[in-house]
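K.L.:
any chance you can model this:
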Amino acid sequence: MKRIGIIGVGEIGRAIVVGLSEWAPDVFLSPRGAHTAAELSAAYDNVHVCDDNQAVVDRSELVVIAVRPYDRQEALAGLRVDAGTIVVSLMAGVGVDELRRMLGTDVPVVRAIPLPPVRDRDSVTVTCPSHPEVDALFERLGGALPVEDEAAFNVFSALTGTLTTHYSYLATLTSWAVGHGVPDEVADRYVRSLFQGVGRSLSDEARSLRQLAADHETPNGSNERVRTTWFTEANSAALGEVLDDLLARLRQP
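P.N.:
Below you'll find the predicted structure:
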């Protein structure tokens, strides 16, 4: 795949471009997200900003649609996709059939969930349905995880909705330390280091996540006290309810 187009150059679009920089295919960007597109074009000789979305499609073998779902009508209205093009949609909650109807095409359409760490080629991307060219693209960006159907895909999409909650949890820990007299920059540095170490332990796939938790916990110790006092069955159930609600929204046409 030598010519890749991206419509919607936000955080994920930028991450994909940066992640592909070592491979250096020709990348064609839409004018949406003009500031980011201009920065990427200036940084990489193989990145080009097109006049409009149609020009992106016309010049690309594979087109990534990375606009927000509620902007799709404006971004994709009147777009013509010729045979031989592969479309990759990053729009949560927008199914393959719906996107095909919008575009009036029967070309291959694949849904994907790339995350910001693809910039470092360090993140697995869920795809549906599996497609050799699309899976090969994301293998270059850290790995592809094809799933069989859109029902399973939507479950993974719902899981991504927990990311900023994790960051907010870390920010709350930092604020708590600051409230007890620790300088902000010191607390921030320690919390980052603490959880970066935890992140590295996740590479040990020989142990389940529950086993990793148990191995980091001493009976009657500090970790057990916080977990059993704060992350109660009620809180676990509440998290499940939120995810169920999000999944229901993602399943709606």
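K.L.:
immediately after the host helix or strand of Arg101, which helix or strand?
P.N.:
Using DSSP states H and E, Arg101 maps to helix 96-103. Following helix 96-103 in sequence order, the next helix or strand is strand 109-113 (DSSP H and E).
K.L.:
in its sheet, what does that following strand sit against?
P.N.:
Next to strand 109-113 in the sheet, as set by DSSP bridges, lie strand 86-89 (parallel), strand 125-128 (antiparallel).
K.L.:
that strand to helix 96-103, inter-axis angle?
P.N.:
With axes from the mean of the first three to the mean of the last three CA atoms, to 10 degrees applied, the angle from strand 109-113 to helix 96-103 works out at 120 degrees.
K.L.:
the stretch 1-150 of the chain: strands as residue ranges?
P.N.:
Using DSSP state E, counting those that start in this stretch, the strands assigned to the stretch 1-150 of the chain run over residues 3-7, 26-29, 47-49, 62-65, 86-89, 109-113, 125-128, 144-146.
K.L.:
and whichever strand or helix holds Arg225, what other elements does it pack with?
P.N.:
Using DSSP H and E, Arg225 sits within helix 222-230. If contacts are counted by 3 or more CB pairs under 8 Å, 6 or more residues apart in numbering; DSSP states H and E, helix 222-230 sits against no helix or strand. Every C-beta, even on glycine, is put in place using the N, C-alpha and C of the backbone.
K.L.:
and the average pLDDT for that helix is what?
P.N.:
Helix 222-230 carries an average pLDDT of 94.
K.L.:
now do it: everything it contacts.
P.N.:
Helix 222-230 has contacts (CB atoms under 8 Å, 6 or more residues apart in numbering) with 213, 216-218.
K.L.:
CA atoms only for the helix holding Arg101, dumped as CSV, please.
P.N.:
Taking Å, rounded to 0.1, in the frame of the first residue of the first chain, the C-alpha atoms of helix 96-103 are listed here in CSV:
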residue,chain,number,x,y,z
VAL,A,96,-20.2,-0.9,7.7
ASP,A,97,-23.6,-1.0,6.0
GLU,A,98,-24.5,2.5,7.0
LEU,A,99,-21.2,3.9,5.7
ARG,A,100,-21.6,2.0,2.4
ARG,A,101,-25.0,3.6,1.9
MET,A,102,-23.7,7.0,2.7
LEU,A,103,-20.9,6.6,0.1
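K.L.:
other SSEs contacting it?
P.N.:
Secondary-structure packing of helix 96-103 (3+ CB pairs under 8 Å, 6+ apart): helix 72-76, strand 86-89, strand 109-113.
K.L.:
who wins for proximity to Val64 among the ones you listed?
P.N.:
strand 86-89 (4.7 Å; CB to CB).
K.L.:
coming back round to it: export the helices and strands packed on helix 96-103 to CSV and tack on mean pLDDT?
P.N.:
Shown next, in CSV, are the helices and strands packed on helix 96-103 (pLDDT from 0 to 100):
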stretch, mean pLDDT
helix 72-76, 89
strand 86-89, 97
strand 109-113, 97
